[in-house]
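Asks: Predicted model and sequence follow; I will ask about them next.
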Amino acid sequence: MIALGKYASYVIPAYAVSAVVIGALAADTLARARRWRAEVKRLQQLLGKDEAEL
Amino acid sequence: MALSRWLAPTLGVIAAALACVGLGMGLNAPPDYQQGSTVLIMFIHVPAAFLGLMAYSCLAASAFFGLVFRHSLADAAARAAAPLGAGFTLLALITGSLWGRPMWGAWWVWDARLTSELILFLFYVGYMALQAAIDDEAKADRAASILALVGAINVPIVHYSVVWWNSLHQGESIFVKGGPLLAAVYLWPLALMSFAYMFAFGALWLVRIRAEVWRRRAGALAVQAARG
């Protein structure tokens, strides 16, 4: 692996912040999908509608 | 909806595989003779900057279709693209700054490329803020779509800023006449990481569009439930 040397304090934060931001985007996306899918399911059950299309 | 159910995870898996190979190659590349190990930042900065522009193009195209054809899926697609594009643009700004400090001696300069990239980020934030500020969803979509289309003017400005103005930021080095100016040892990991980011955006965008459609459906069902 490439030796980071004196630039480690710039390279490591760049990779860390990328991992955090992309991880946060992925987590938020999945949480949002899960939340609204569950909400639609709940409301469909409440109204006695078919859930098959979910 | 049916397409995104299998396409989103497929794109996600491809993105992860490409990122593993790209990072593996990139971390084993030799240090650049001028940039040293900061060349590693290029493998995450360039794809993030590219995705910031690509996501805005997707946002503007969706906004256009939403405005012209009044298609709710287009509005959902536009809404779904905004936070992703903002995230990638923010990453481009932060990683660029982390590269700029050791190479240029400054965290930030009011250079044409950096400034237009910051304006791109502000357009994303403005789009999301406008959506959130208007209660009537149809009106919010229309107003935010107009803002998104105005902001589309900035996309070619970001791209060509290094050509049109004297810029501290390096010029185009990949899609140039006579082939890329980058050595293959850097070009391959960069290409793989760019595709990884692109596939990751595709996967996340599809899931967010689906979530947005569910959110709107939940709203309609809640109204029905309230009416009894």
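Replies: Perfect, I can see it now.

Asks: how much space between the closest residue to B:Pro9 other than its chain neighbours and B:Ile209?
Replies: Nearest non-adjacent residue to B:Pro9, counting by Cβ to Cβ, 6 or more residues apart in numbering or on different chains: B:Ala203, 7.2 Å away. Glycine gets a C-beta too; all of them are placed from N, C-alpha and C. B:Ala203 sits 11 Å away from B:Ile209, going by Cβ to Cβ, to the nearest Å.

Asks: Pull up the overlap in contacts between these two.
Replies: Shared contacts of B:Ala203 and B:Ile209 (Cβ atoms under 8 Å, 6 or more residues apart in numbering or on different chains): none.

Asks: Below-threshold pLDDT in chain B: ranges please.
Replies: Scanning chain B with the threshold set as pLDDT under 70 gives B:1.

Asks: Low-confidence stretches in chain A?
Replies: In chain A, residues with pLDDT under 70: A:1-2, A:50-54.

Asks: list the contacts for the closest residue to B:Thr38 other than its chain neighbours?
Replies: Once flanking residues are discounted, B:Thr38 sits nearest to A:Tyr7: 4.8 Å by Cβ to Cβ, 6+ apart. For A:Tyr7, the contact set (Cβ under 8 Å, 6+ apart) comprises B:36-38, B:102.

Asks: which of those residues sit farthest apart?
Replies: Largest separation among those by Cβ to Cβ: B:Ser37 and B:Pro102, giving 9.6 Å.

Asks: the more surrounded of these two?
Replies: Neighbour count, other Cβ atoms under 10 Å in any protein chain shown: between B:Ser37 and B:Pro102, B:Ser37 has more, with 21 against 17.

Asks: any idea how far B:Leu149 is from the more buried one?
Replies: 41 Å.

Asks: B:Leu11 too?
Replies: Taking Cβ to Cβ, one finds B:Leu11 at 27 Å from B:Leu149.

Asks: Those two: who's more crowded?
Replies: Neighbour count, other Cβ under 10 Å: between B:Leu11 and B:Leu149, B:Leu11 has more, with 21 against 15.

Asks: Need the three-state assignment for the more buried one.
Replies: Using DSSP: H, G, I helix; E, B strand; the rest coil, the structure places B:Leu11 in helix.

Asks: how many neighbours does the residue nearest to it when sequence neighbours are not counted have?
Replies: Counting by Cβ to Cβ, 6+ apart, B:Leu11 lies nearest to B:Ala203, which is 3.9 Å off, once chain neighbours are set aside. Neighbour count of B:Ala203, defined by other Cβ under 10 Å: 23.

Asks: B:Ala203 looks like it's in a helix, true?
Replies: Yes - checked against three-state DSSP, B:Ala203 lies within a helix.

Asks: for it, what are its contacts?
Replies: Contacts of B:Ala203 (Cβ under 8 Å, 6+ apart): B:8-12, B:15.

Asks: swap in A:Arg35?
Replies: B:Ala211.

Asks: For it, give me phi and psi.
Replies: phi -60, psi -50 (degrees, to the nearest 10).

Asks: Could you do B:Gly36 as well?
Replies: Per degrees, to the nearest 10, the backbone of B:Gly36 is at phi 60, psi -140.

Asks: which ones are touching it?
Replies: Here B:Gly36 is in contact with A:5-7 (Cβ under 8 Å, 6+ apart).

Asks: let's go with 6 Å and repeat that
Replies: Listed by Cβ atoms under 6 Å, 6 or more residues apart in numbering or on different chains, the contact set of B:Gly36 reads A:Tyr7.

Asks: same question, B:Ser37
Replies: B:Ser37 neighbours (Cβ under 6 Å, 6+ apart): A:2, A:4-5, A:7, A:11, B:31.

Asks: Buried among those? Make that a PyMOL selection.
Replies: Only the buried entries of these go into this PyMOL selection, using 16 or more other Cβ atoms under 10 Å in any protein chain shown:
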select buried, (chain A and resi 2+4+7+11) or (chain B and resi 31)
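
Asks: In helices, which of the contacts of B:Ser37 appear?
Replies: A:Val11 (DSSP state H).

Asks: Just name the closest of the contacts of B:Ser37 to B:Asp75, please.
Replies: A:Val11 (40.1 Å).

Asks: I'd say that closest one and B:Leu40 touch.
Replies: Yes - A:Val11 sits in contact with B:Leu40 when judged by Cβ atoms under 6 Å, with a separation of 5.1 Å.
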